[in-house]
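**Student:** here are the coordinates; sequence isn't available:
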């Protein structure tokens, strides 16, 4: 039987008598239908039941095998444990208390020693079907939250947590993913975002998903281009590179929706995707503990995230986001099955059930889908005998380290010493952290930069890496937070990034935004206010009273008293005025962008 | 071929902004990803873009073949010399 795809609860997906030939998965391992899935789940469940209900490590790169294993585990009432990485130390650590390891095919990859290894696919059914112990309340999946080897906290999800979230995703986003659409992904199903978006939601909604994860743009894009309609589940680091040089443009009529999660997506990339595909990516905000919280599409929602159906938001007294939803599996349990958790994200609530992110309260970051507590890595680093003090920051989606060495001798390290110290510390950290989290660049200094309050300013740390700027694609413009008319004035609010392109070579040790860049922002804002391009005839007065450092939010204020050729402007932040002046404008010459000086 | 290998080592260091690594530190036969130089999937995307830009070669859509090509500097050099326009 084939027919229009319909939404199926996980319990229905366990029906062994399924004769439905609608596609479930496609890719290198071969196409699979609902009927194949039912048979594979049934065969796998028999073998898992024989091994015993309990915790099973799930080590597979094939999303179809993962779907099969999860449904088989649900059937026998067992739990899948997703290792955060495949490093032997991690697997050994997780093997304690596990029944066995599930791998793709017979003979695939050795599991941790002493554990039974069981192939999910490729073994024909033998024996009577396993009894059906499906229970929505039972624990189903266990994740590790941190990229730290071994000791990330386990987060357990019951079946209902994931099922309810899948229902909510379909309700909010199903319309943007028509039936027959194929789901491609660069995000791993080992983490909750990938598991939900590339496996469980498509599975329930009857959309076929890609089995393998393709590493290279050149492998992925032609495969998407060959499909009739597609969606792409990806992460900021990948999306940024996929969208470079207009790479997604050939998919304009094919790729209906792009999902991005696992870290903040820069505005530049969101804009590039919108230009190339006709719609901005759907950015998903959530965490392992809370599940999905909110989504935004920058071209529709601006900076504000909108709560998913069923999610209730509040702001705690200390300004952090408080989430109450049926998907939260950690925190205070409520009698109605929901739970409440306070996140470390500082937010500003907006009317209509949404929020704007203001930053993290705890310096926990995500790099390459892995969560990292910077203070934790700083503590580990400081525990090394060669390190007196260490501070970390993230630039360009990579961890960067600033270290005060405790080596005897002159404060300045010779290149050879620097090299060997760096190698020593990298080897030391690699015993504790996932490789993608290891610092990509190191600076060894005599003392960490500190301000009057004895805090380490992010901007000053970032400045130590200024020589690396401009060598990689990155945000080059300030981000517009909001803008609009306020009385006689037009006000544009900008977030000035730490690594603004115009900062290159500009006082490396104390980065300042050059006046010419500030003037540029003024002219852009004036054009937005007038709603048309113009020609700059002359600047009448111009002062820069207070230096402007990057990493701030500023307001660009323009007004035209009574005369649209007389521009008055200011750039200010809080009570400070960074730029103030007056200019004369004329009509734009045909074809002029705006404000070319005459 | 030795010259091209050295050039590719420079390109890797430059495009991935590796610090305190010289071409001499990268062995032509050593694995680039995971072990060896320890590059990851984000680096793979970056490096593929750099190779296409520098040499005008096109990386194909066959994952097995690409895995071979990106295995080491020697493999990359062989690929570039066969495929540059």
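**Tutor:** Sure thing, it's come through. Owing to the predicted nature of the structure, the values given are computational and were not obtained by experimental measurement.
**Student:** would you mind naming what in the stretch 251-400 of chain A lies close to chain B?
**Tutor:** Counting by C-beta under 8 Å from any C-beta of the partner chain, the stretch 251-400 of chain A comes close to chain B at A:368, A:397. From N, CA and C alone the C-beta is placed, and that goes for glycine too.
**Student:** show me where the stretch 251-400 of chain A has helices.
**Tutor:** Ranges of helices within the stretch 251-400 of chain A are A:267-277, A:298-301, A:374-382, based on DSSP state H, counting those that start in this stretch.
**Student:** same thing with chain B?
**Tutor:** B:2-15, B:41-55, B:63-69, B:73-83 (DSSP state H).
**Student:** what's the longest one in contact with?
**Tutor:** Going back to what we said before, that points to helix B:41-55. A:215-218, A:237-238, A:241-242, A:244-245, A:368, A:397, A:436, A:472, B:8, B:11-12, B:14-16, B:33, B:39, B:57-59, B:70, B:76, B:80, B:83-84 (C-beta atoms under 8 Å, 6 or more residues apart in numbering or on different chains).
**Student:** and among the helices of chain B, the most buried is which?
**Tutor:** Using mean count of other C-beta atoms under 10 Å in any protein chain shown, the stretch among these with the greatest mean number of neighbours is helix B:41-55 (a mean of 19).
**Student:** any stretches of the stretch 101-250 of chain A with poor pLDDT?
**Tutor:** Applying pLDDT under 70 to the stretch 101-250 of chain A picks out residues A:107-114, A:146-152.
**Student:** can you give me the helices for it?
**Tutor:** A:159-173, A:192-194, A:201-205, A:217-225, A:236-242.
**Student:** picking up where we left off before, hey, least reliable of the helices of chain B by pLDDT?
**Tutor:** When the helices of chain B are compared on mean pLDDT, helix B:41-55 scores lowest, with a mean of 85.
**Student:** just the angle between it and helix A:217-225, please?
**Tutor:** Angle, helix B:41-55 to helix A:217-225, by axes from the mean of the first three to the mean of the last three C-alpha atoms, to 10 degrees: 100 degrees.
**Student:** pretty sure residue B:20 contacts residue A:420?
**Tutor:** No: between residue B:20 and residue A:420 there is no contact under C-beta atoms under 8 Å: 9.3 Å.
**Student:** quick revisit: with mean pLDDT and distance to residue A:155 added, can I get the helices of the stretch 251-400 of chain A in JSON lines?
**Tutor:** Output for the helices of the stretch 251-400 of chain A, formatted as JSON lines (pLDDT from 0 to 100; distance: least, C-beta to C-beta, whole Å):
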{"stretch": "helix A:267-277", "mean pLDDT": "93", "distance to residue A:155": "28"}
{"stretch": "helix A:298-301", "mean pLDDT": "91", "distance to residue A:155": "28"}
{"stretch": "helix A:374-382", "mean pLDDT": "91", "distance to residue A:155": "17"}
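**Student:** which residues of chain B lie near chain A?
**Tutor:** Residues of chain B lying near chain A (C-beta under 8 Å from any C-beta): B:14, B:17, B:19-20, B:34, B:38, B:40-42, B:44-46, B:48-49, B:58-63, B:66.
**Student:** quick one on the thing from earlier: most tightly surrounded among the helices of the stretch 251-400 of chain A?
**Tutor:** Burial of the helices of the stretch 251-400 of chain A is given as mean neighbour count (mean count of other C-beta under 10 Å); helix A:267-277 ranks first at a mean of 20.
**Student:** give the other helices and strands that it contacts.
**Tutor:** Contacts defined by 3 or more C-beta pairs under 8 Å, 6 or more residues apart in numbering or on different chains; DSSP states H and E place helix A:267-277 against helix A:236-242, strand A:255-260, helix A:298-301.
**Student:** so which of the ones you listed gets nearest residue A:128?
**Tutor:** The closest of the helices and strands packed on helix A:267-277 to residue A:128 is strand A:255-260. By C-beta to C-beta, the value is 40.9 Å.
**Student:** tell me how far that closest one lies from the chain's centre.
**Tutor:** From the chain centre to the centre of strand A:255-260 is a distance of 14 Å (C-alpha atoms, centre = their mean, to the nearest Å).
**Student:** and the longest helix for chain A?
**Tutor:** Per DSSP H, chain A has its longest helix at helix A:34-51.
**Student:** what element comes up after that one heading to the C-terminus?
**Tutor:** strand A:55-58 (DSSP states H and E).
**Student:** neighbouring strands - and their directions - for that next one?
**Tutor:** Sheet pairing for strand A:55-58, assigned by DSSP bridges, gives strand A:79-81 (parallel), strand A:100-103 (parallel).
**Student:** chain center to the shortest one, what's the gap?
**Tutor:** When distances are taken as C-alpha atoms, centre = their mean, strand A:79-81 is centred 24 Å away from the chain's centroid.
**Student:** check the last one too.
**Tutor:** Chain-centre distance of strand A:100-103: 28 Å, with C-alpha atoms, centre = their mean.
**Student:** again, but for stretch A:303-312
**Tutor:** 17 Å.
**Student:** spit out the contact partners of the residue lying closest to residue A:576 once chain neighbours are set aside.
**Tutor:** Setting aside the residues directly before and after it, residue A:576 is nearest to residue A:546 in space (C-beta to C-beta, 6 or more residues apart in numbering or on different chains), at 4.4 Å. Residues near residue A:546 by C-beta under 8 Å, 6+ apart: A:576-578.
**Student:** from the residues you listed, which is closest to chain B?
**Tutor:** Comparing the contacts of residue A:546 against chain B with C-beta to the nearest C-beta places residue A:578 closest, at 31.4 Å.
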